[in-house]
Each structure stands twice: as structure tokens, then as C-alpha cells.
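Undergrad: With the sequence up front, the predicted model follows.
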Amino acid sequence: MAISNQIDKEKLPRHVAIIMDGNGRWAKRQGKNRVFGHRQGAKSVKEIVRAAGEMEIDYLTLYAFSTENWSRPKLEVDALMSLLVSSINSETKELMENNVRLLSIGNHDILPKNVKKKLYEAIDQTKNNKGLTLVLALSYSAKWEIIEAVKKIAQLAVNQEIKIDEIDECIIDKNLSTHNIPHPELMIRTSGEFRISNFLLWQLAYAELYFTNKLWPEFGKEDFFEALLDYQNRERRFGKTSEQVEHKI
Ligand code: FPP
């Protein structure tokens, strides 16, 4: 039976987050430069966005560029930025046709002006779409996000809009860049690395983690479905016992 037919659509995660890793290693294996790997990686992005839409997943967050990635060689950073712009240019039409809403999280103040402009135009154009929400983590790191949230909450306390004792999970959630987005239930990382790498540290608290040796440019639809199937075969307990979960107590 095809793997997509083995998936129970009633038991899918609402939100899948992905660390797309291994573009550089994939390119090296082909005897090509790293930028070639990123271009191929952009093709996987397209395939996985389609696959997530097909499965009627509500949210897909992709780690496209981390805060730490700014320290890569300028040539590579520039190539990644222009790949982003060209991908937004070429894909916005398909996002519209497939009812995909684009969002982005991260420190956009340090993005090149043209990238920020293109990104916000696409976000604006797709804002009323009601299908998959595609969240690009761009110039993003979870520690940066948590620091920003702490600053906002401290300001609320200074302004006496909240009391220190009122600070709870809900207030922290509201002040993260992912407010209004449910936490991911599944996080996938490609390329055989077993790290979270400063990605959604707060939001992944209860996520199921799925690691695969496939490098991002070779990660396709079937691999994505395999990860969904693996997720469905896990028991999510949230600190409870199996009996409690089974009897919903
Ligand atoms: C990790 O591979 C990948 C990135 C740092 C960038 C991800 C970018 C893309 C998939 C391309 C474009 C994205 C969009 C949204 C159109 P790596 O370079 O760290 O690989 P390595 O660990 O093998 O060196």
C-alpha cells in the first residue's frame, strides 16, 4: 500500500516544524559548490510544501536561515538571500493557487531591504488564504525570540500593566513571535544530526522529534509521509501514564 494511504488523516499533527539540514554536504558529494546544494534544497522546500498541503496540515514551519547563519561566508549568505527573493518571486503565484498563507518569524530588522520588501509583499498578498500556513524562520533563533519576549513582558511590568505573579505560560506564549500559532507536535531534522540548534526551544517542549539521515535536497514527499506515519505510531503522554492516556483521565 502506498505510504500516503497508510496515514490516518484524523491523527495528523496540526503543526510540523523542520530543520532543513545537509545542503552543503549533498553538494559536496556531487562535487559541486554549497550554493548548488541550497538551490536543490529550494526544490525540496517546494515538494514538502505541496505534500503538507496535500495532507491538509495546518502549519509548516521551515528553518530557512538562522541568526548563526549570518556568520557564514558573505558569498554564501548573499546567495541564500537571492535564492529567497527568487523563490518568493517564482512561488507566490503557486502559493495563491494552493490557498497557502505565508508568515515569517525572526529578526527581520537585519534582513537586506530588498529581501524584507519581497517577503512582506508576499505575506500581504497571501494573508487571506485559508489553507496551509507556511512559516519561514528567517534570521531566527529561539534565544533571540525569548530575549525579545522577556523585554516585552518586563516593559508590561514596568508600566504596571501586569503584576510579576501574573506571568505564566500564556503570557510568554503571547509575547513570542509564534503567538496565534499552535506549538508543533512534530519536529523533523534531516542529515543525521541530533540537535535542536536554537530552533523553537519553548514551542518544542512536547514535540515528537524525528531524525533522518537523508540530506535535505534528497528529502521528498515519501520521506515526509514516512515521518508523519512514524509520528502516528507514537503515544503522546504529556507526562501522564499510558493508562491515563488510554482512558482519557
Ligand atoms: C542547511 O544546510 C540549510 C540552510 C542553512 C538553508 C536552508 C535553505 C534552503 C533549503 C534553500 C532556500 C529556502 C527557501 C525557503 C526557498 P547546510 O548548508 O547547513 O548543510 P551542511 O550542514 O551540509 O553544510
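TA: It's in. All values derive from a computational prediction rather than experimental measurement.

Undergrad: counting contacts, what elements does the lengthiest helix in the chain pack onto?
TA: Counting by DSSP state H, the longest helix found in the chain is helix 74-97. When contacts are defined as 3 or more CB pairs under 8 Å, 6 or more residues apart in numbering; DSSP states H and E, helix 74-97 packs onto helix 34-54, strand 59-66, strand 101-105, helix 113-125. (C-beta placed from N, C-alpha, C; glycine too.)

Undergrad: list the buried ones in it?
TA: Neighbour counts using 16 or more other CB atoms under 10 Å place 79, 80, 81, 83, 84, 87, 88, 91, 92, 95 of helix 74-97 among the buried residues.

Undergrad: Can you name the residues that contact residue 79?
TA: The neighbours of residue 79, taking CB atoms under 8 Å, 6 or more residues apart in numbering as the test, are 35, 38.

Undergrad: Kindly report the same for residue 48.
TA: Residues near residue 48 by CB under 8 Å, 6+ apart: 18, 60, 62, 219, 220, 221, 224.

Undergrad: In the protein, which residue sits closest to the ligand?
TA: Distances between the chain and the ligand by CB to the nearest ligand atom are smallest at residue 24, namely 2.5 Å.

Undergrad: now that residue, nearest residue through space, not along the chain?
TA: Sequence neighbours aside, residue 34 is the residue nearest to residue 24 in space, at 4.5 Å (criterion: CB to CB, 6 or more residues apart in numbering).

Undergrad: The ligand contacts on this protein?
TA: By CB under 6 Å from any ligand atom, the part of the chain that sits against the ligand consists of 20-25, 34, 38, 41-42, 45, 62, 64-65, 69, 83-84, 87, 136, 216.

Undergrad: From residue 220, how far off is residue 45?
TA: 11 Å (CB to CB, to the nearest Å).

Undergrad: Tell me which of these two has more neighbours.
TA: Using other CB atoms under 10 Å as the criterion, residue 45 and residue 220 rank with residue 45 on top: 22 against 15.

Undergrad: how close does the more buried one sit to residue 149?
TA: If you go by CB to CB, the gap between residue 45 and residue 149 works out to 28 Å.

Undergrad: now residue 14
TA: Relative to residue 149, residue 14 is positioned 22 Å away (CB to CB).

Undergrad: One more: residue 175?
TA: Remark: distance between residue 175 and residue 149 (CB to CB) = 4 Å.

Undergrad: what does residue 137 give?
TA: Taken as CB to CB, the span from residue 137 to residue 149 is 15 Å.

Undergrad: Apart from its chain neighbours, what residue comes closest to residue 111?
TA: Using CB to CB, 6+ apart and skipping residues adjacent in sequence, the residue nearest residue 111 is residue 139, 5.7 Å away.

Undergrad: center of this protein - which residue?
TA: When CA atoms, centre = their mean is applied to the chain, the residue found nearest the centroid is residue 61 (2.0 Å).

Undergrad: is it in a bridge, and if so with what?
TA: Beta bridges link residue 61 to residue 17, residue 135, judged by DSSP bridges.

Undergrad: Quick check, it in contact with residue 200.
TA: Yes - if you go by CB atoms under 8 Å, residue 61 and residue 200 touch, sitting 7.2 Å apart.

Undergrad: Now for these two: what residues contact both?
TA: Each of 17, 137, 184 lies in contact with both residue 61 and residue 200 under the rule CB under 8 Å, 6+ apart.

Undergrad: just to revisit the earlier point, of the residues of the chain next to the ligand, keep whichever come out buried.
TA: 20-24, 34, 38, 41-42, 45, 62, 64-65, 69, 83-84, 87, 136, 216.
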